[in-house]
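J.: Quick one: sequence and predicted model below, then my questions.
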Amino acid sequence: MRRHTVRGRSRSAPPGTPIAHRSVAFRGENRPEKKHKWHFAFLVGLERKQKWAYAFFVHPEKFADNPTGFLVPIAGTDQRWGAWSHVAFVPDPLPSETPELSAATFNVVANARAALAALDASARQLPNPALLRQPTLRQEAQSTSALEGTYAPLEEVLGVDADERPADAAMREVFNYVIAAEHAFDWIEDGRPLTIGMLESMQGILVDGTSADTRQAGRIRTSQVVIGSHRGAQVRDARFIPPPPGIDFEGRVRDCIDWVMQPNDAIDPLVRAGMAHYQFETLHPFNDGNGRIGRLLIVLQLHLSGVLSEPTLTVSPWFEARRAEYYDRLLAVSTNGDWDGWIRFFATGVGAAANATGRQLTDLIRMQHELKARVRTAGLRAENAVRLVDYALAQPIFTVRNVSQHLAVTMPRARTLVSQLVDADVLRQYDDSTYGRRFSAPDILAILLR
Ligand SMILES: Nc1ncnc2c1ncn2[C@@H]1O[C@H](COP(=O)(O)OP(=O)(O)OP(=O)(O)O)[C@@H](O)[C@H]1O
């Protein structure tokens, strides 16, 4: 989304000077002082605070009765607009109990849990569930990046050779997501906990080689960011201003990750994922990529809590289609403490995503059986012919060289296998790319692209 780092020297008031509300005790370890030395230099007088109440787009009075956080003054100097001053929202640590939710919301949560359980049951039936990880991951990469404003057609994303680094900038950014997510899945499957360091390294991978690959890449941010304002706009045009950087902020990010990792049977795992997503986005730990990492965290959390045994859930298409409401619902938790509206929206989205992913999974499995039947009908007995069908499922567009590498057969053997499957109406030539002639399984591609 259009979110920008406030350029120039930024100063923020210390955590002990909330504008209107209570302060929250700081919990969490401190990081080395040198990173933050310029953040704590400025104390703001009452006069200036009163002026803010009338002058800015983020109206402090909107947050007046909010039970989920408090406002702090921030100020700095922008190269273009000069000195600015404003208020930022600091969310309280997440509660250890379920926020007040309506019966309607609990109902939506229950339906979404049922959809997730059905998806998980289908995934568990697969002899090799990891096979479908790549196509679903690439779909998620494409739509989560589209939400961010980086667009690459899904068909091209599905066609990227995992061993090649895409030359196109948008494609590289989309593919960075695939690498970051794979890294995260491996991390969790190795039984390692989510940590700030792990999230920092994911963010570093995500922005690698993109315009956001600055000195702050792969690190919790040390500058102020604002949400909902275009590049070059004044700070007061922002819709929402996350907390200022510094030790208190880093402690809150750490608390958020600890909260995710702490077992808590008192809150439904889906509700927990929604609460953590709000907190992560509101803290906005990084200069860029918060939305993408936050949406990946949803799937990781559902995987960690055992709701999904395979992290194959594409959540972003649903959120992308409802971007304005997505942002409004997040904002409403900060302005009005509207957990109920956010959790209902979130659970509706995850439930719909689970249904859509489940339908796709069922169709892909059905097609996998059908294509294997075509292979047998064509009299192809070689084990590798069947393995090639599985490969086409995981990587729906590929070259003969890819087949040779992935099935560990010679190039001539790979060529023969591909041509046999073309004759059996399983594969078709896709195009002639710079890397050689590409093939696809059109029936699989059609399911993934619909
Ligand atoms: N009012 C708000 N309060 C908290 N979070 C918000 C608000 N509005 C938007 N967001 C979150 O901020 C994200 C954008 O942050 P950022 O630009 O750092 O992430 P990104 O991954 O680069 O982009 P995107 O999320 O658009 O893909 C949104 O996706 C949404 O999750």
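T.: Perfect, I can see it now. Computed from a predicted structure; not experimentally measured. Numbers count the residues shown, from 1 in each chain.
J.: Distance-wise, check Trp342 relative to His406.
T.: Trp342 sits at a distance of 43 Å from His406 (criterion: CB to CB, to the nearest Å). Backbone N, C-alpha and C define where each C-beta goes, glycine included.
J.: For the ligand, what's the nearest residue on the stretch 201-350 of the chain?
T.: Using CB to the nearest ligand atom, Gly291 is the residue of the stretch 201-350 of the chain that sits closest to the ligand, at 1.4 Å.
J.: One more: the stretch 1-150 of the chain?
T.: At 3.0 Å from the ligand, Glu148 is the closest residue in the stretch 1-150 of the chain, using CB to the nearest ligand atom.
J.: how about the chain, which residue sits the furthest from its center?
T.: Distance to the chain centre peaks in the chain at Gly379, reaching 44.8 Å (criterion: CA atoms, centre = their mean).
J.: sec struct for that one, please.
T.: Under DSSP: H, G, I helix; E, B strand; the rest coil, Gly379 falls in the coil class.
J.: and the protein, which residues reach the ligand?
T.: Within reach of the ligand by CB under 6 Å from any ligand atom, the chain has these residues: 1, 3, 144, 147-148, 227, 240, 281-282, 288-292, 294, 327, 330-331, 334.
J.: Can you tell me which of those are buried?
T.: By neighbour count, with 16 or more other CB atoms under 10 Å, those hold 3, 144, 147-148, 227, 240, 281-282, 288-292, 294, 327, 330-331, 334 as buried.
J.: these two touch, right, Gln420 and Ala385?
T.: Yes: taking contacts as CB atoms under 8 Å, Gln420 lies within contact range of Ala385: 6.4 Å.
J.: And the two? Which one has more around it.
T.: Neighbour count, other CB atoms under 10 Å: between Gln420 and Ala385, Ala385 has more, with 22 against 19.
J.: In a helix, that one, correct?
T.: Yes: judged by three-state DSSP, Ala385 forms part of a helix.
J.: So what's the residue count around the residue lying closest to it once chain neighbours are set aside?
T.: Nearest residue to Ala385, sequence neighbours excluded (CB to CB, 6 or more residues apart in numbering): Val375, at 5.1 Å. Using other CB under 10 Å, Val375 is surrounded by 20 other residues.
J.: dump the residue contacts of Asn128.
T.: If you count contacts by CB atoms under 8 Å, 6 or more residues apart in numbering, Asn128 has them with Asp390.
J.: Then the one 3 residues further on?
T.: Contact partners of Leu131, counting by CB under 8 Å, 6+ apart, are 390, 393-394.
J.: ok, now with 10 Å
T.: Residues in contact with Leu131 (CB atoms under 10 Å, 6 or more residues apart in numbering) are 312, 364-365, 368, 390-391, 393-395.
J.: And for Arg329?
T.: Here Arg329 is in contact with 274, 278, 322, 338, 341-346, 349 (CB under 10 Å, 6+ apart).
J.: Mind checking which of those land in helices?
T.: 274, 278, 341-346, 349 (DSSP state H).
J.: thinking again about what came up before, can you tell me how far the residue farthest from the centre of the chain is from the ligand?
T.: For Gly379, the distance to the ligand (CB to the nearest ligand atom, to the nearest Å) stands at 49 Å.
J.: which ones are touching that residue?
T.: 385, 420, 424.
J.: Also Leu154?
T.: Leu154 touches 135, 138-139, 141-143, 146, 174, 317, 445, 448-449, counting by CB under 10 Å, 6+ apart.
J.: Please apply the same query to Leu308.
T.: Per CB under 10 Å, 6+ apart, neighbours of Leu308: 116-117, 119-120, 123, 269, 299-302, 354, 357.
J.: Much appreciated, bye for now.
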